[in-house]
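>>> sequence unknown, structure follows:
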């Protein structure tokens, strides 16, 4: 018998689910840990965004610097 195929999670779906999660179920320490994890994720995303922005600016500079 074949195993069921894994369901592919859509881009951003887990984040959307986390935002809707009931926080009343968490204790004080768990909420603090959740904040630490979210702050780490914000820093990771910001660093990735900065790298993409730098790459975009480099490409724009390269292709917009045409000799007159």
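Everything's here; your move. Quick caveat, the model's predicted, so the values are computed rather than measured. Numbering: from 1, shown residues only.

>>> Give me the residue ranges of this structure where confidence is low.
Low-confidence segments of the chain (pLDDT under 70): 1, 65-68.

>>> Please, where are all the helices along it?
With DSSP state H as the criterion, the chain has helices at 13-20, 28-64.

>>> what's the spacing between the residue sitting nearest the centre point of the chain and residue 20?
Among the residues of the chain, the one closest to the centroid is residue 45, at 5.2 Å (CA atoms, centre = their mean). Distance of residue 45 to residue 20, computed by CB to CB, to the nearest Å: 19 Å. In short, each C-beta sits where N, CA and C put it, glycine included.

>>> re earlier: turn the helices of the chain into CSV, including distance to residue 5.
Below are these laid out as CSV (distance: least, CB to CB, whole Å):
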stretch, distance to residue 5
helix 13-20, 17
helix 28-64, 29
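
>>> Which one, of these, ends up nearest to residue 6?
helix 13-20 (13.8 Å; CB to CB).

>>> tilt between that closest one and helix 28-64?
On the basis of axes from the mean of the first three to the mean of the last three CA atoms, to 10 degrees, helix 13-20 is oriented at 140 degrees to helix 28-64.

>>> Output the contacting helices and strands for helix 13-20.
Here helix 13-20 touches no other helix or strand, going by 3 or more CB pairs under 8 Å, 6 or more residues apart in numbering; DSSP states H and E.

>>> 10 Å instead, please
Secondary-structure packing of helix 13-20 (3 or more CB pairs under 10 Å, 6 or more residues apart in numbering; DSSP states H and E): helix 28-64.

>>> Grab the nearest non-local neighbour of residue 34.
Spatial nearest neighbour of residue 34, excluding adjacent residues (CB to CB, 6 or more residues apart in numbering): residue 26 at 6.7 Å.

>>> OK, contacts around the one you found?
Contact analysis of residue 26 by CB atoms under 10 Å, 6 or more residues apart in numbering lists 32-34.
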